[in-house]
Each structure stands twice: as structure tokens, then as C-alpha cells.
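# Fold the following, please.
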Amino acid sequence: MGSARRWFAGAGVLFAAAWVWALRRLPERVPIHFGGSGEVDAWSSRTAALVTFAALGLGAAALFVGLVRFLARIPAEHITVPHPEHWKRPEHLARLRRLLAEDMWWFGAATLLLLAAVQVLVVRTAGMADPGLGPEGPVAIGVYSIVVIARAVWMVTRRYAVPRPG
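Numbering: from 1, shown residues only. All right, here's what the predicted structure looks like:
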């Protein structure tokens, strides 16, 4: 199993651990949505929150596993990549598919880590006397966004650049 796939599997385990922790810690009334300033503006039952967390995690994991499998089968003419004149040649296509699959595993891992962090933040907020999200929620989303954007920029500018001969 490649490094990116291991990260994805590890993020899945961490998400599952956060879900089990939430199962043990959530009260019957759970904050499920927050306004722009971090105030709770919607509540849910414990069961609904746990089902939602599980559906989000399983759905995200299935999405990225499905994308990796899809990338292995999609015709080359439907792949959009920088420098297609290089990457879509028959001698480079297998490597392109490996690189794209690895990128999907990394994006999947980042997404599962964000979802795990959201679970932890909801559990923490549910236990507060005066519940509010605080700065951690926007920070988690900001870090995720920066990581995803930085990876995408690196992919376009470096990862899929035409390798230099030699």
C-alpha cells in the first residue's frame, strides 16, 4: 500500500475513533449548525448527529475510493491534466493514473481529518455551559482550505510538469 493510501486509511481510523468518542460523550441535545460568529443556530438529537457524522464519513470515504477506482478506468481522452501531450502518451499513461490516484488518496485523507476535527469540535461545544464554536472551527476549515489549495497549486505547477530528460 502506498504512502498516500496509508494516510487515507489512517485518517479513516482517526475519523472512526472520533465517532466512537462522540458516541460516548455526546449529550441528548447536540449543536449541529453554527452561525457566522460561531453561535449555535440549530440543534439535533444525539442519534441524528451520530447518524449524520457516520454518513458524512462513510460517504466521503466511499467517494474517494470510488474516484481512485474510476481514475483507473476512465479513457485517457477524458482526463484533464497539465501537459496532456506528454501525460496521455501510452508510455506515460500508467504513471499518470498512479499519480492521480495518489492525489485522490491525499485529498481523501485531508477531508476525513477535517470531518474528524468537526466531530471533536461538536462534542466539545455540546459540553459547554454557553455553547459556541469558538475560533477552532474556522481555523480547522482554513487549514483544510490552505492545504487543499496548496496541494492543487503544487500539482499543477510541479507534479504534472513535463519531467526533464536525463
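
# May I have the phi/psi pair for the residue nearest to the spatial centre of the chain?
The chain has residue 111 as the residue nearest its centroid, 1.1 Å off, counting by C-alpha atoms, centre = their mean. With angles defined as degrees, to the nearest 10, residue 111 sits at phi -70, psi -40.

# Now the helix or strand hosting residue 121: average pLDDT?
If you go by DSSP states H and E, residue 121 is part of helix 90-126. For helix 90-126, mean pLDDT rounds to 96.

# Just the buried residues of that helix, please?
92, 96-97, 99-119, 121-123, 125-126 (16 or more other C-beta atoms under 10 Å). Just so you know, the C-beta spots here come from the backbone N, C-alpha and C atoms, and that holds for glycine as well.

# same question, stretch 140-158
Those would be 140, 144, 155, for stretch 140-158 by 16+ other C-beta under 10 Å.

# With residue 117 as the reference, measure out to the second one.
Applying C-beta to C-beta, to the nearest Å, one obtains 8 Å for the distance of residue 144 from residue 117.

# where does this protein have low pLDDT?
Scanning the chain for pLDDT under 70 picks out 1, 166.

# Helices of that one, start to end?
With DSSP state H as the definition, the chain shows helices at residue ranges 3-25, 46-73, 84-87, 90-126, 136-154.

# Present those helices as a markdown table; the columns should include distance to residue 40.
Formatted as a markdown table, those follow (distance: least, C-beta to C-beta, whole Å):
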| stretch | distance to residue 40 |
| --- | --- |
| helix 3-25 | 16 |
| helix 46-73 | 12 |
| helix 84-87 | 48 |
| helix 90-126 | 7 |
| helix 136-154 | 11 |
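
# That's all I had, so thanks and see you.
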